[in-house]
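1. Fold the following, please.
(one chain, ligands or ions: 1)
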Amino acid sequence: MTLLDVRDLAVRYDTPHGVSQALDGASLTVAAGELVAVVGESGSGKSTLGMAALGLLPASAQRLTGDLLVDGESVFGLDPPRLRRLRRTRLGLVLQDAAGSLDPTRRVGRQLAEHLDRPGRADVLSRLEQVRLPDVERVARSYPHQLSGGMAQRVAIAIALARSPGLLVADEPTAALDTEIKHDVLRLLADSCRERGTALLVLTHDLTGIAAYCTRLVVMYGGRVVETGPPDDVLERPRHPYTRGLLHAVPGQETVGGTLRSIAGSPPVLTGPSAGCAFAPRCEFRVDRCDARRPEPSADAARVLCHRDGELDAVVTLDEVPEVSR
Ligand SMILES: Nc1ncnc2c1ncn2[C@@H]1O[C@H](COP(=O)(O)OP(=O)(O)OP(=O)(O)O)[C@@H](O)[C@H]1O
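-> The predicted structure is shown next:
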């Protein structure tokens, strides 16, 4: 069953400093219980997509075209009370700065209790145990500043999952954590969502870190979804030149005596809809039609947005795509 249905969504921000087209016709569906990672460089539109899914776009954001449906209903069509109810009952959010998302003046046990249907002490402690926190009595009595970053993130996950939402959006949930605990937190997020049947949308720069924990990878560029598929397919047989570039740019994939190749150029800052393929200026396979027309998604499940999809394997052998350790 489709839980989240993003249909050709275009969103732009109007600010005193100018206009920024954050989403330029993004399309994506997420089924109930799916674990989806949305990857892409800074500015590709991941956070805007995530906030739109939660009905949390700021006032400066304007929907130009398209729609976003949760449980079959457009979040843009809901009045504020119904949107609040949808958020409270069906949606959850975990941010990068977990400690910052907690109230610094109140003990974490009390904060968690507010989100529980049966807010007793036993339930609070059991929820803290479920997110694999040690010494839960002490944690429940603590103020946020008394917890490490990893512990605060686990509390934030317990709060976000308290009502077993249909969809949990996690925006760079491990970016502020030490490398050793990043994987533990990602595993916890994925396991907790799987146990509850909650769909997970993780927004991240870290393509390979997340791959082991999700059932689908979604690659964004220039405010559009340019490729999607099971992690093994995307990592082993990337089809979009941007995905291939991202994999070449993964640290640790350099060959001995070779150099780490990054994608030349910078991601676009769009001020309006892209006339052609937004990746064309950085693409080594660019031809005239790439600048002239917007690519439409391929008809298969990967929905690759590339004019040259299907032609490129003759140009690049897949041996050139580095193997990614997961
Ligand atoms: N509140 C805002 N006001 C104005 N412009 C914004 C706002 N939020 C995002 N943008 C712009 O929209 C574009 C997409 O940003 P967005 O944060 O959605 O991408 P992202 O992929 O999540 O990037 P990052 O990983 O850096 O958060 C960028 O050009 C960004 O500067």
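2. C-alpha from now on. contacts and neighbour counts both.
-> Noted.
3. so where is the stretch 201-326 of the chain shaky, pLDDT-wise?
-> Using pLDDT under 70 as the threshold, the predicted model of the stretch 201-326 of the chain has low-confidence ranges 250-261, 314-326.
4. Tell me which residue of it lies closest to the ligand.
-> Across the stretch 201-326 of the chain, no residue is closer to the ligand than Val269, which sits at 5.0 Å (C-alpha to the nearest ligand atom).
5. Give the full set of residues in contact with that residue.
-> With C-alpha atoms under 8 Å, 6 or more residues apart in numbering as the criterion, the residues that contact Val269 are 20-21, 43, 222.
6. Which single one of those is nearest to the ligand?
-> Within the contacts of Val269, the smallest distance to the ligand is 3.5 Å, found for Gly43 (C-alpha to the nearest ligand atom).
7. where's that closest one relative to Arg63, distance?
-> Gly43 sits 17 Å away from Arg63, taking C-alpha to C-alpha, to the nearest Å as the criterion.
8. Looking at these two, which has the bigger crowd around it?
-> Set Gly43 next to Arg63 and count neighbours by other C-alpha atoms under 10 Å: Gly43 wins out with 20 against 15.
9. Using the three-state scheme, assign that one.
-> When the structure is reduced to helix, strand and coil (DSSP: H, G, I helix; E, B strand; the rest coil), Gly43 reads as coil.
10. And for Glu34, the neighbour number?
-> When counting by other C-alpha under 10 Å, one arrives at 22 neighbours for Glu34.
11. Helices of this protein, start to end?
-> According to DSSP state H, the chain carries its helices in the segments 46-53, 80-90, 98-101, 108-113, 121-130, 136-141, 149-160, 179-196, 207-211, 231-236, 241-248, 288-292.
12. just checking, what packs against the longest one?
-> Using 3 or more C-alpha pairs under 8 Å, 6 or more residues apart in numbering; DSSP states H and E as the contact test, the elements touching helix 179-196 are strand 35-39, helix 149-160, strand 199-204.
13. Repeat the analysis, applying 10 Å as the threshold.
-> Judged by 3 or more C-alpha pairs under 10 Å, 6 or more residues apart in numbering; DSSP states H and E, helix 179-196 is in contact with strand 35-39, helix 149-160, strand 167-171, strand 199-204, helix 207-211.
14. Kindly report the same for the third one.
-> The contact analysis (3+ C-alpha pairs under 10 Å, 6+ apart) places helix 98-101 against helix 149-160.
15. Next, the angle helix 121-130 makes with the helix it packs on.
-> On the basis of axes from the mean of the first three to the mean of the last three C-alpha atoms, to 10 degrees, helix 149-160 is oriented at 130 degrees to helix 121-130.
16. Let me see the contact set for the residue nearest to Val11 when sequence neighbours are not counted.
-> Of all residues not flanking Val11 in the chain, Arg63 sits nearest, at 4.5 Å (C-alpha to C-alpha, 6 or more residues apart in numbering). If you count contacts by C-alpha atoms under 10 Å, 6 or more residues apart in numbering, Arg63 has them with 9-13, 23, 52, 57, 76.
17. which one among those gets closest to Arg308?
-> Arg308 has its nearest neighbour among the contacts of Arg63 in Leu23, at 22.6 Å by C-alpha to C-alpha.
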